[in-house]
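[1] Coordinates only, no sequence provided:
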């Protein structure tokens, strides 16, 4: 337990000093969620209306709450993919990956436990930014409940996404530098199949099959339940929670089983 706490503490200190020494980045981090939301809503209201949006997706939802939930979850998913899977690439580029692999902590534990504090801080910070807007469009009572659904989605969604992203870390450990741009085109595809840009139910059947295997799909769907007019049914929430917990067990067990194989192959291959 002491080793795990040390890794989490190192992640906290890294982020605190990064924010302290990069104030411009901190300001841009505060503005970025509203810029994304403003772009999506602006284009939506230019080319349509809230009634047309509800008719197209077949749900009676509040468009603002719907896209607030989508924005926060999409940014969280991108953050996990880049900071867990993509961090292996960064360590490769600066020549530090061999030292991280031979460190006392397994690289999977280092990548995941040092990232958890950053994920919780950044996602909750972004959600806090939207509290005034949620209270304005939903009211305080409904707003608190719907923010709770978003927090639940972000917290539970983190668990399978960590294991899912760790699988990419394994791939990057055993491939050469020519594969370094994999996440650049794979991330948008994952978000597309997850329903970040378009509801999964409206995708082709073959795309829905891919979506069902992605943990980000259920994270986005759980967060979007907060946008339903009135209170979403608890049965839907419990169902998605169960899927996310099951996926968390599956992806993390698979990642934990193969991370050692990836380390040994990378060292044996001399690709590092």
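    Alright, I've got the coordinates. Keep in mind that what you see is a predicted model, and the values were worked out from it rather than measured.

[2] and residue 104, that's in a helix?
    No: if the criterion is DSSP: H, G, I helix; E, B strand; the rest coil, then residue 104 is coil and not within a helix.

[3] Count the neighbours of it for me.
    8 (other Cβ atoms under 10 Å). From N, CA and C alone the C-beta is placed, and that goes for glycine too.

[4] quick one, phi/psi of it?
    phi -60, psi -30 (degrees, to the nearest 10).

[5] pLDDT score assigned to it?
    Looking at residue 104, its pLDDT is 73.

[6] With residue 270 instead?
    pLDDT, read off for residue 270, is 53.

[7] And the pLDDT for residue 3?
    In this model, residue 3 carries a pLDDT of 68.

[8] I misspoke; the intended subject was residue 209.
    Reported pLDDT for residue 209: 90.

[9] cool, residue 248 as well?
    91.

[10] Neighbours of it, how many?
    There are 20 residues near residue 248, going by other Cβ under 10 Å.

[11] I'd say it and residue 166 touch.
    No: counting by Cβ atoms under 8 Å, residue 166 is not a contact partner of residue 248; they are 11.8 Å apart.

[12] check contacts around residue 233.
    Not one residue lies near residue 233 by Cβ atoms under 8 Å, 6 or more residues apart in numbering.

[13] Packing partners of the particular helix or strand that has residue 87 in it?
    Take DSSP states H and E as the rule and residue 87 turns out to sit in helix 86-93. Based on contacts counted as 3 or more Cβ pairs under 8 Å, 6 or more residues apart in numbering; DSSP states H and E, the elements that helix 86-93 packs against are helix 97-101, helix 107-113, helix 140-174.

[14] Repeat the analysis, applying 10 Å as the threshold.
    helix 63-80, helix 97-101, helix 107-113, helix 140-174, helix 182-193, helix 234-269 (3 or more Cβ pairs under 10 Å, 6 or more residues apart in numbering; DSSP states H and E).

[15] What are the contacting residues of the fifth one?
    It stands for helix 182-193. Identification of contacts with helix 182-193 by Cβ atoms under 10 Å, 6 or more residues apart in numbering yields 70, 73-74, 77-78, 81-82, 85-86, 89, 164-165, 168, 171-172, 175, 196-198, 200, 203, 207-217, 220.

[16] Can you tell me what sits against the helix or strand just after that helix?
    Scanning forward in sequence from helix 182-193 by DSSP H and E, the next helix or strand is helix 205-212. For helix 205-212, the surrounding residues in contact (Cβ under 10 Å, 6+ apart) are 189-190, 192-195, 198, 200-204, 217-218, 220-221, 243.

[17] Leaving out sequence neighbours, find the closest residue to the residue nearest the centre of the chain.
    In the chain, the centroid-proximal residue (Cα atoms, centre = their mean) is residue 77; its distance is 1.8 Å. Spatial nearest neighbour of residue 77, chain neighbours left out: residue 216 (4.8 Å); criterion: Cβ to Cβ, 6 or more residues apart in numbering.

[18] Do I have it right that that neighbour meets residue 70?
    No: with contacts counted by Cβ atoms under 10 Å, residue 216 stays clear of residue 70, the gap being 11.3 Å.

[19] between the two, which one's more packed in?
    Neighbours were counted for residue 216 and for residue 70 using other Cβ under 10 Å; residue 216 has more, 25 against 21.

[20] The helix or strand where the more buried one lies packs against which elements?
    Residue 216 belongs to helix 215-224 when assigned by DSSP H and E. Secondary structure elements in contact with helix 215-224, counted by 3+ Cβ pairs under 10 Å, 6+ apart, are helix 63-80, helix 140-174, helix 182-193, helix 205-212, helix 234-269.
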